[in-house]
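**Student:** what would the 3D arrangement of this be:
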Amino acid sequence: MTVQRRVELTSAALADLGRLKEDDPELAAQALRLLRRLERREVDGIPLAEMAVTGNLSDCRKLYFGGANGRSHRVVYRQLPDHETVEVLEVVVVESRSEMYVYLLASQRMGRLPTESGARFTRLHQATISRRGAARKQGRQTDR
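**Tutor:** Below you'll find the predicted structure:
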C-alpha cells in the first residue's frame with residue numbers, strides 16, 4: 001500500500017506564492033502545478049546539503065521552475081516526521097534562485113542561518129524587497 005502524500009505550505013511560503021502571483025502570475029501558476037505534481041508523486045526534489053553559506057539544509061529538497069530555462073526559481077521543502085497514514089511535505093520557501101537567496105531564506109526561516117551569513121542574507125533580503133517595490137511602482141515583473 002502506498003502512503004498518501006500531502007503538500008503543506010508554511011504561512012511564509014504561502015505569502016511567497018501570493019507575492020509571486022502579484023509579480024508574475026505565470027510563475028505562480030508554474031509553482032502551483034509543480035506542487036500538485038509533487039503531491040501526486042510525479043516529481044521528487046533533489047536533496048540539499050549542509051553548506052557553510054546556507055547552513056544545514058540536508059533534510060530539505062529543491063524543485064526547479066520558472067524563467068526561459070525553467071530554473072530561475074526554487075521550491076524548498078522537507079518531509080515532516082513520519083505519520084502512519086500520510087507523508088507530509090512542508091514547503092518552506094518559494095523564491096528566486098538568484099545569489100542563493102532561496103536557500104539563505106529557507107535557512108533563516110528554519111532558524112539555521114549561520115552567523116557568518118547573516119550580513120549577506122540581510123543585504124540580499126533588503127535588495128530583493130527594494131527591487132520588488134520599485135518594479136511594482138513601475139508596473140513591471142521581477143526576477144525573470
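**Student:** and residue 35, what element?
**Tutor:** helix 25-39 (DSSP states H and E).
**Student:** just residue 132 next, same as before
**Tutor:** Here residue 132 sits within helix 118-138, counting by DSSP H and E.
**Student:** tell me the SS of residue 81?
**Tutor:** coil (DSSP: H, G, I helix; E, B strand; the rest coil).
**Student:** residues contacting it?
**Tutor:** Going by Cβ atoms under 8 Å, 6 or more residues apart in numbering, residue 81 touches no other residue. No exception for glycine: its C-beta is placed from N, CA and C like everyone else's.
**Student:** quick revisit: need the contact partners of the helix holding residue 35.
**Tutor:** With Cβ under 8 Å, 6+ apart as the test, helix 25-39 has contacts from 5-7, 9, 17, 20-21, 43-45, 63, 65-66, 73, 75, 77, 89, 91, 94, 143-144.
**Student:** of those residues, buried ones?
**Tutor:** Among those, the ones that count as buried by 16 or more other Cβ atoms under 10 Å are 7, 9, 17, 20, 45, 63, 65-66, 73, 75, 77, 89, 91, 94, 143.
**Student:** and the two most separated of those?
**Tutor:** 89 and 143 (23.9 Å; Cβ to Cβ).
**Student:** mean confidence for the helix holding residue 132?
**Tutor:** Mean pLDDT, helix 118-138: 89.
**Student:** centre of the chain versus the longest strand along the chain, how much separation?
**Tutor:** Within the chain, and with DSSP state E defining each element, the longest strand by residue count is strand 86-96. Here the centre of strand 86-96 is set off from its chain's centre by 7 Å, with Cα atoms, centre = their mean, to the nearest Å.
**Student:** now the angle between strand 86-96 and the helix holding residue 35, please.
**Tutor:** If you take axes from the mean of the first three to the mean of the last three Cα atoms, to 10 degrees, helix 25-39 sits at 160 degrees to strand 86-96.
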